[in-house]
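>>> predicted model follows, preceded by the sequence.
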Amino acid sequence: MTIKKAIGKLHLWLGLSTGLVVFIVSLTGAIFTFQDEIRDVTEPWRKVEAQATTPMLRPSRLQAAALATHPGVAKTTTWVTYFGPERSATVFFTDPAGTPTLVYLNPYTGRVLQELDLSRHFFSIVQEIHMTLLLPEAIAKWVVGGSVIIFLVMLVTGLVLWWPKRKQERKQRFTIKWGARWRRINYDLHNVLGFYIASLAGVLALTGLFMLFPVMLDATMWAANGGRTYPQEKVLPKVDTLQAVTAAAQPLPDVIYRTVLRRSPGAEMVLIGPTGTGKDPAYCWTYQQALHYYHRDEYAFHPVSGQLLLARFHAGKSAGMKLGDMNYDVHTGQILGLGGKIVAFLVSLLAASLPVTGTLLWWGRRNKKAKKSARLPVAGPPQVANRKALQ
């Protein structure tokens, strides 16, 4: 067996073993790409009228309004997010029954606009299928992650199999022969489209793996930094629970909100995490543009006094850390705006087609061999065969 035939066998059986997972992950990724645009059209409560002369309400006011009908939920366990002057603010929490709940509010008046059960929301379900296939997290990490790693191997082996031996074949390998029979069209769809999307599909696969396996992202960040390490970027603030501190004069979320607005005045989106029980820091992240997660400033506060423990600004981050921050935006294509999302959508959709065309290709060859075997003449006695030859 030649090396190329061995690669072909490897490509075939790896594809057949992971094809279904790759199909589901790619298809759900394509569906999820435009979730913000679709939801802005179908969910009017996501937007509000901007009020230039009216300041937005403090987080504690939004928490109180969102939890008015959920008395069993502690304010310290909620996530409060501001999305800019023309968008509603949200309060996220898990109720005592375990239901993940997202409440949309007018940030200027505190009026509740909509309450969603995320466990039943279409795009939440799509995202969960994309990330876990609805399997337990510990299992899904290896099923999805392993299949994506194999998909990367298949992109490489596919390029090896696609590469033309002679110059005369190159034009043929770059185009789809639409006028041919369906088997040939399917062959071209698998090979030609696979070639065109290989590099971009590899980027989407790698950025997805970085979310599943942070150690891979750490290695990439280290490489982006030229092998240099920045210990200060790994430092996490600690809370000294033995030290006596004075409680903040105002609710902690309000102290956090006021501080980050002053230190990150250009931020459009502000995410305030749970303020905790007093043992762990309270975190806040600010983003330059709503619904984009690349340009990020990070803060940590004392959970009792509200003292600022950490302020890490985007401008002062290493190249590797900036690369890590942009991972989600690269994965969804939104790092390049609407055009990037269109590219990510098309690449994901075409990646979902590869297991289908590959399986049809294998099935067609398998049936073709079976039919050829069925047509072979049955060997008879020598004298019969000789007599037929003489007739």
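Everything's here; your move.
>>> where do the helices sit along the stretch 201-350 of the chain?
Along the stretch 201-350 of the chain, the stretches classed as helices by DSSP state H, counting those that start in this stretch are 214-224, 252-263, 319-325, 327-332, 337-375.
>>> got these as CSV, with mean neighbour count, mean pLDDT and distance to I125 columns?
To be clear about C-beta, it is placed using only N, CA and C from the backbone, and glycine gets the same treatment. CSV is the format used below for the helices of the stretch 201-350 of the chain (neighbours: other Cβ atoms under 10 Å; pLDDT from 0 to 100; distance: least, Cβ to Cβ, whole Å):
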stretch, mean neighbour count, mean pLDDT, distance to I125
helix 214-224, 15, 96, 25
helix 252-263, 19, 97, 30
helix 319-325, 18, 97, 27
helix 327-332, 20, 97, 17
helix 337-375, 15, 86, 17
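>>> any chance of the ones you listed in TSV, plus distance to K75?
TSV is the format used below for the helices of the stretch 201-350 of the chain (distance: least, Cβ to Cβ, whole Å):
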stretch	distance to K75
helix 214-224	30
helix 252-263	8
helix 319-325	29
helix 327-332	28
helix 337-375	35
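>>> right, and these - which one's nearest A300?
With distances scored as Cβ to Cβ, the stretch of the helices of the stretch 201-350 of the chain nearest to A300 is helix 252-263 (9.7 Å).
>>> which residues touch that closest one?
Residues from elsewhere that reach helix 252-263, judged by Cβ atoms under 8 Å, 6 or more residues apart in numbering: 58-60, 63, 75, 80, 248, 267, 270, 272, 275, 282, 284, 286, 297, 299, 301, 303-304, 306, 308, 311.
>>> count the residues that sit near Q289.
A count of neighbours around Q289, defined by other Cβ atoms under 10 Å, yields 15.
>>> scratch that, R120
Look at R120: counted by other Cβ under 10 Å, it has 10 neighbours.
>>> hmm, back to that, now, the contacts of helix 252-263 that are in strands?
When strands are assigned by DSSP state E, the members of the contacts of helix 252-263 inside them are 80, 270, 272, 282, 284, 286, 297, 299, 301, 308, 311.
>>> now these in JSON lines, please, with extra columns for distance to I185, neighbour count and pLDDT.
As requested, the ones in strands among the contacts of helix 252-263 are arranged in JSON lines below (distance: Cβ to Cβ, whole Å; neighbours: other Cβ atoms under 10 Å; pLDDT from 0 to 100):
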{"residue": "V80", "distance to I185": "53", "neighbour count": "27", "pLDDT": "98"}
{"residue": "V270", "distance to I185": "52", "neighbour count": "25", "pLDDT": "98"}
{"residue": "I272", "distance to I185": "54", "neighbour count": "27", "pLDDT": "98"}
{"residue": "A282", "distance to I185": "58", "neighbour count": "24", "pLDDT": "96"}
{"residue": "C284", "distance to I185": "54", "neighbour count": "24", "pLDDT": "98"}
{"residue": "T286", "distance to I185": "51", "neighbour count": "24", "pLDDT": "98"}
{"residue": "D297", "distance to I185": "51", "neighbour count": "22", "pLDDT": "98"}
{"residue": "Y299", "distance to I185": "56", "neighbour count": "25", "pLDDT": "98"}
{"residue": "F301", "distance to I185": "60", "neighbour count": "29", "pLDDT": "96"}
{"residue": "L308", "distance to I185": "62", "neighbour count": "16", "pLDDT": "96"}
{"residue": "A311", "distance to I185": "58", "neighbour count": "16", "pLDDT": "97"}
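>>> circling back: closest one to I129 among the helices of the stretch 201-350 of the chain?
Closest approach to I129 among the helices of the stretch 201-350 of the chain (Cβ to Cβ): helix 337-375, 12.8 Å.
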